[in-house]
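Visitor: Sequence below, structure please.
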Amino acid sequence: MGGPDFLLRIVLMLPALVISFVIHEMAHGYAAYIFGDPTAKYQGRLSPDPRIHIDPFGAIVLLGSFILSGGNMTFGWAKPVNVNPNNFKNPRQDMAWVAFAGPLSNFTLAAIFGLLIKFRLVEFNMFLFYFVFYFVMVNIGLGVFNMVPFPPLDGSKILYGILPSDISYKLMQMEMQYSNIIPFVFILLIGTRILDPIIGPPFIFLLKTFTGI
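Guide: The predicted model follows:
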């Protein structure tokens, strides 16, 4: 599949990224609200307005990484949804579900829009086809990436909810202890593409499963 040129990829990919990030963060907020924490609701984070969810620096990094990589790799972040686990009945387990809600929303979007490709419902218009294709790719990538169990990704919070409580609390204490170092380690992991062997296989599997391509 040749694909559109670089400028067209920007036009197609950026809206897909914004929509996917917004829905991801809204999913966190709605899940927290369902489990008893209204913080996100009071802060207006249940709104689909992108301005509420976009982190300016994260958006700049996202756009910059996209341009510098020639549209082959993107890295950025939205404004994290504030959650108060003290409002949960079972803080550790409920927080895990709230964390999982973000990637789950992305996998759901990818599965639904992937059907448009699998059943050839968008092939009549190549512009529409590639937008849907990139939208599916972005959501799979965002979902798989956030499932990596490394702070501050959602996967780490999911892991804390699965592991025995004593181990989880030790890991959470380590996360707080090394909170100043973790972002640099995180950037190093992404920049050196060490995570590629972890992210790549499930990404390819889900892309083939959802789209048939």
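
Visitor: residues touching the residue nearest in space to the middle of the chain, list them.
Guide: Centroid check for the chain by C-alpha atoms, centre = their mean gives residue 142 as the closest residue, at 3.4 Å. Residues near residue 142 by C-beta atoms under 8 Å, 6 or more residues apart in numbering: 20, 21, 24, 103, 106. Every C-beta, even on glycine, is put in place using the N, C-alpha and C of the backbone.

Visitor: and of the residues you listed, the nearest to residue 158?
Guide: Distance to residue 158 across those (C-beta to C-beta) is lowest for residue 103, with 8.5 Å.

Visitor: Run a quick check on the closest one versus residue 149, I expect a contact.
Guide: No - the criterion here is C-beta atoms under 8 Å, and residue 103 misses it with residue 149 at 11.8 Å.

Visitor: neighbour count winner among these two?
Guide: Taking other C-beta atoms under 10 Å, residue 103 and residue 149 do not tie; residue 103 has more neighbours (24 against 16).

Visitor: For the more buried one, identify the helix or strand it belongs to.
Guide: Assigned by DSSP states H and E, residue 103 falls within helix 91-118.

Visitor: Could you give me the buried positions within that helix?
Guide: For helix 91-118, a neighbour-count test (16 or more other C-beta atoms under 10 Å) marks 91-92, 94-107, 109-111, 113-114, 116-117 as buried.

Visitor: Same check on stretch 183-192?
Guide: residue 186.

Visitor: Please state the offset of it from the chain centre?
Guide: Computed by C-alpha atoms, centre = their mean, to the nearest Å, the chain-centroid distance of stretch 183-192 equals 17 Å.

Visitor: can you list contacts of that stretch?
Guide: 75, 150, 151, 152, 194, 195.

Visitor: Report the mean per-residue pLDDT for that stretch.
Guide: For stretch 183-192, the mean per-residue pLDDT is 75.

Visitor: Please report the confidence value the model assigns to the residue nearest to residue 8 when sequence neighbours are not counted.
Guide: The shortest distance from residue 8 to any non-neighbouring residue, by C-beta to C-beta, 6 or more residues apart in numbering, is to residue 130 (7.7 Å). For residue 130, the pLDDT comes out at 93.

Visitor: what do you get for the one 5 residues further on?
Guide: Residue 135 is assigned 96 on the pLDDT scale.

Visitor: Next, count neighbours for the nearest residue to it once chain neighbours are set aside.
Guide: Spatially, and ignoring its direct neighbours in sequence, residue 135 is nearest to residue 16 (4.2 Å; C-beta to C-beta, 6+ apart). Neighbours of residue 16 under the rule other C-beta under 10 Å: 22.

Visitor: Which positions within the helix or strand where residue 16 lies qualify as buried?
Guide: Using DSSP H and E, residue 16 maps to helix 6-34. Buried residues in helix 6-34, counted by 16+ other C-beta under 10 Å: 9, 12-14, 16-33.

Visitor: Relative to its centre, which residue of the protein is most distant?
Guide: The centre of the chain is farthest from one residue, residue 124, which by C-alpha atoms, centre = their mean lies 29.7 Å away.

Visitor: just for the chain, where's the confidence low?
Guide: Where the chain drops to pLDDT under 70, the residues are 1-3, 68-73, 191.

Visitor: same thing but at 80, please
Guide: 1-6, 61-76, 183-184, 186-193 (pLDDT under 80).
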